[in-house]
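*Asks:* Dropping a prediction and its sequence here:
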Amino acid sequence: MTEAPLIAILDDEPEIRRLLSAALQDAGFRTQSYGRATEFEAALRRIMPDACLIDLGLPDRDGLALVHRLATESGAAIIIISGRSQVQDRVTGLELGADDYIIKPFEPAEVVARIRARLRRPAQPQGRNGQKVGFAGWTADFDRYTLTSPEGVDAPLSHAEAEVLRMFTDNPRRLITRAQMLETLGGTAGDSFDRAMDVRISRLRTKLGEDPKNPRLIKTIYGAGYIFLAEID
C-alpha cells in the first residue's frame with residue numbers, strides 16, 4: 001500500500017502548526033511540524049517530504065533563502081504561507097522557486113486544495129516507460145527529480161522545474177501558450193505567474209546547457225508561448 005504524501009510544516013506559531021497539521025491529517029496526508037529553520041533543515045537529512053509549507057517570518061533564518069535552497073536541492077513542492085501580502089513579496093518568492101504563495105490569514109481547506117493541486121501530476125501518456133523520459137541524449141527522471149546529461153552527469157530538478165519539463169515532454173513540437181501553462185500547472189494569472197514561468201524556463205535552459213540567445217530545445221515564440229523541439233525517445 002502506498003504511503004500518504006508527507007507534508008512538512010515550518011512556522012514559528014504553534015497554533016498555525018496545529019491548525020495545518022489537523023487539516024492535512026484529516027485530508028489523508030502525513031505531517032511533520034517544525035518551529036525553527038534549524039530543526040527543519042536537520043530533519044531534511046532523514047525525511048523526504050512531498051511538499052513543504054514555509055513561513056517567511058522565521059526567528060532563526062531568512063525564509064526566502066530557505067525557499068531558494070529547497071528549490072535547488074529538493075524535489076518537494078514548496079508553498080509559502082506568509083503575512084507578507086505585497087505583490088513584490090509574492091513575485092520574489094515565486095522567482096526563488098516557490099510553487100505557490102498563500103497569504104495569512106488563510107482557510108485550512110484552501111491550503112489542502114493547493115497542496116492537492118501541486119501534487120497532482122499530469123496523466124502518464126501511453127507508451128511512456130514509467131516516469132523516465134529521454135530526449136536529445138538527456139534523461140529526465142520524474143520520480144527522482146533528476147536530469148541526466150548525455151555524458152551521464154546528474155543534476156537535481158526542483159518540483160517546479162520538473163512540472164514545467166514534464167509539460168514540455170508531454171507536448172513535444174507543439175505550441176504551449178501561457179494560458180495552457182496556467183491551466184496545466186495551476187496558479188493565478190498575472191505578472192507574478194509569468195515571471196515565475198520565465199525563471200523556471202531559464203533554469204531549465206541552463207541545466208540543459210542551452211545558449212540563452214539561441215536555445216535549441218525550448219524555443220520562445222514571442223507573443224504566443226513556447227515550443228519544445230526535441231524528439232521524445
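*Replies:* Thanks, I have it.
*Asks:* can we go C-alpha only for contacts and neighbour counts from here?
*Replies:* Fine.
*Asks:* Let's check: the centremost residue of the protein is which one?
*Replies:* Ala160 (2.7 Å; Cα atoms, centre = their mean).
*Asks:* what's the closest non-adjacent residue to it?
*Replies:* Asp99 (6.0 Å; Cα to Cα, 6 or more residues apart in numbering).
*Asks:* Got the phi and psi for the one you found?
*Replies:* phi -90, psi -20 (degrees, to the nearest 10).
*Asks:* got the contact list for it?
*Replies:* 77-79, 118, 159-160 (Cα atoms under 8 Å, 6 or more residues apart in numbering).
*Asks:* What segments of this protein are strands?
*Replies:* With DSSP state E, the ranges of strands along the chain come out as 6-10, 30-34, 51-54, 77-82, 100-103, 132-135, 138-141, 146-148, 154-156, 175-177, 218-221, 225-228.
*Asks:* so what's the closest residue to Thr139 other than its chain neighbours up against?
*Replies:* Of all residues not flanking Thr139 in the chain, Thr148 sits nearest, at 5.0 Å (Cα to Cα, 6+ apart). Neighbouring residues of Thr148 by Cα under 8 Å, 6+ apart: 138-140, 154-155.
*Asks:* one more time with 10 Å, if that's ok
*Replies:* Thr148 is in contact with 134, 137-141, 154-156, 207-208, counting by Cα atoms under 10 Å, 6 or more residues apart in numbering.
*Asks:* Report pLDDT for it.
*Replies:* For Thr148, the model assigns a pLDDT of 94.
*Asks:* what does Ala162 give?
*Replies:* In this model, Ala162 carries a pLDDT of 86.
*Asks:* Report the contact partners of it.
*Replies:* 75, 140-143, 145-147, 156, 168, 200, 204.
*Asks:* Which pair of the residues you listed spans the longest distance?
*Replies:* Using Cα to Cα, those reach their maximum pairwise distance at Asp143 and Arg200, which is 18.8 Å.
*Asks:* Looking at the two, which one has more neighbours?
*Replies:* Taking neighbours as other Cα atoms under 10 Å, Asp143 and Arg200 compare with Arg200 leading, 22 against 11.
*Asks:* re the thing from before, please indicate which of the contacts of Ala162 are buried?
*Replies:* Among the contacts of Ala162, those classed as buried by neighbour count (16 or more other Cα atoms under 10 Å) are 75, 140-142, 145-147, 156, 168, 200, 204.
*Asks:* domains of this structure?
*Replies:* With domains defined by automatic domain parsing, the chain comprises 6-119, 132-228.
*Asks:* Lowest mean pLDDT across those, which one is that?
*Replies:* domain 132-228 (a mean of 86).
*Asks:* just the helices in the chain please.
*Replies:* Counting by DSSP state H, the chain has helices at residues 14-26, 37-43, 63-73, 87-95, 108-119, 159-170, 178-185, 191-207.
*Asks:* would you list those helices in JSON lines and tack on distance to Tyr226?
*Replies:* Converted to JSON lines, these look like this (distance: least, Cα to Cα, whole Å):
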{"stretch": "helix 14-26", "distance to Tyr226": "36"}
{"stretch": "helix 37-43", "distance to Tyr226": "36"}
{"stretch": "helix 63-73", "distance to Tyr226": "23"}
{"stretch": "helix 87-95", "distance to Tyr226": "19"}
{"stretch": "helix 108-119", "distance to Tyr226": "22"}
{"stretch": "helix 159-170", "distance to Tyr226": "9"}
{"stretch": "helix 178-185", "distance to Tyr226": "8"}
{"stretch": "helix 191-207", "distance to Tyr226": "10"}
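*Asks:* The ones you listed: which one's closest to Tyr222?
*Replies:* That would be helix 178-185 among these, by Cα to Cα, at 11.0 Å.
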